[in-house]
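Peer 1: Below is the structure, and that's it, no one-letter string:
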């Protein structure tokens, strides 16, 4: 007579869970294929958006020129000394615009790539983190754009009134776009800080206890990485990061409850 089959023991349930996880696991080749697909999608988005920016070049150039005209009213024409400078500028501006505009696509593809490896308890944080990353990156770009005319005014004053400001458009645009990238990436600081707290790497209590050292480090880093090296831009970066530090502690405390 066959023995009655009793309920599954905890060890059996654990074994079945591991078997299901193993069945759903991707091989190394599948991971590489998936990463390649996500990368190609991101590159394709950059190409499409850069092509659109190439067509909208006159409008984009006016937008980038606005801080220059605000800092030097009535005298904000770019100086081109090489016949190829105009073509180089158009290609560079199109590429930089494509990279900036495709950042949401890159984050979405990154999320789609890492989601299969996350636990169900971790996946609920994925979309809020993506949304917060986009918002903070856009905020950093906006702050850089707003503060750039003050940076130009300070640089002109520190150089002296004897200097005539006829900027090379390629150098001007490289500095401007670099500032927007740096500010956008640095504004991801609170997102990273919250992630570290959720991952139990640090605790809100530890961060709050070291707030004085954090402010010193933030100020030094802001001064070191500000591309324009002017005090106004440094403060425009350091002050929000300090506020974000305490904001991230509060958010981390709420999420850990």
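Peer 2: Sure, I can see it. If you're wondering where the values come from, they're calculated on a predicted model, not measured in any experiment. Numbers count the residues shown, from 1 in each chain.
Peer 1: quick one: contacts for the residue positioned nearest the centre of the chain?
Peer 2: Centroid-nearest residue in the chain: residue 185, 3.5 Å away (criterion: CA atoms, centre = their mean). By CB atoms under 8 Å, 6 or more residues apart in numbering, the contact list for residue 185 reads 137, 140. C-betas here are computed from N, CA, C, even on glycine.
Peer 1: buried ones in the host helix or strand of it?
Peer 2: In the assignment (DSSP states H and E), residue 185 maps to helix 169-186. For helix 169-186, burial by neighbour count (16 or more other CB atoms under 10 Å) applies to 169-170, 172-173, 175-177, 179-184, 186.
Peer 1: pLDDT and distance to residue 241 added to those, as TSV?
Peer 2: Converted to TSV, the buried residues of helix 169-186 look like this (pLDDT from 0 to 100; distance: CB to CB, whole Å):
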residue	pLDDT	distance to residue 241
169	89	31
170	89	30
172	90	26
173	90	25
175	90	21
176	91	21
177	90	21
179	91	15
180	92	16
181	91	16
182	91	12
183	93	10
184	92	13
186	93	7
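Peer 1: With distance to residue 192 as added columns, please give those in TSV.
Peer 2: Listed next are the buried residues of helix 169-186 as TSV, based on distance: CB to CB, whole Å:
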residue	distance to residue 192
169	34
170	33
172	31
173	29
175	26
176	25
177	23
179	20
180	19
181	16
182	15
183	15
184	13
186	10
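Peer 1: Could you identify the most distant pair in those residues?
Peer 2: Spatial extent of the buried residues of helix 169-186 (CB to CB) is set by the pair 169 and 186 at 25.7 Å.
Peer 1: And stretch 79-89, how far out from the chain middle?
Peer 2: From the chain centre to the centre of stretch 79-89 is a distance of 30 Å (CA atoms, centre = their mean, to the nearest Å).
Peer 1: Where does pLDDT dip in the chain?
Peer 2: For the chain, the stretches with pLDDT under 70 are 1-26, 116-123, 256-257.
Peer 1: hmm, 50 instead?
Peer 2: 1-12, 14-24 (pLDDT under 50).
Peer 1: which residues of it fall in helices?
Peer 2: Assigned by DSSP state H, the chain shows helices spanning 10-24, 28-55, 57-71, 85-101, 103-114, 120-123, 126-159, 169-186, 189-198, 204-209, 211-225, 231-255.
Peer 1: Ok, which of the ones you listed comes nearest residue 79?
Peer 2: helix 169-186 (7.9 Å).
Peer 1: chain center to the closest one, what's the gap?
Peer 2: 13 Å.
Peer 1: just the buried residues of helix 169-186 now: which is nearest residue 221?
Peer 2: Relative to residue 221, the closest of the buried residues of helix 169-186 is residue 186; by CB to CB it sits at 8.0 Å.
Peer 1: Pull the contacting residues for the nearest residue to residue 214 once chain neighbours are set aside.
Peer 2: Leaving aside its sequence neighbours, residue 214 sits nearest to residue 245 (CB to CB, 6 or more residues apart in numbering; 5.5 Å). Contact analysis of residue 245 by CB under 8 Å, 6+ apart lists 189-190, 193, 207, 211, 214-215, 218.
Peer 1: Select only the buried ones of those in ChimeraX?
Peer 2: Applying 16+ other CB under 10 Å to those, the buried members can be selected in ChimeraX as follows:
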select :189,190,193,207,214,218
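Peer 1: Can you redo the contacts of residue 245 as JSON lines, where the extra columns are distance to residue 127?
Peer 2: Below are those laid out as JSON lines (distance: CB to CB, whole Å):
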{"residue": "189", "distance to residue 127": "20"}
{"residue": "190", "distance to residue 127": "17"}
{"residue": "193", "distance to residue 127": "19"}
{"residue": "207", "distance to residue 127": "24"}
{"residue": "211", "distance to residue 127": "30"}
{"residue": "214", "distance to residue 127": "28"}
{"residue": "215", "distance to residue 127": "31"}
{"residue": "218", "distance to residue 127": "28"}
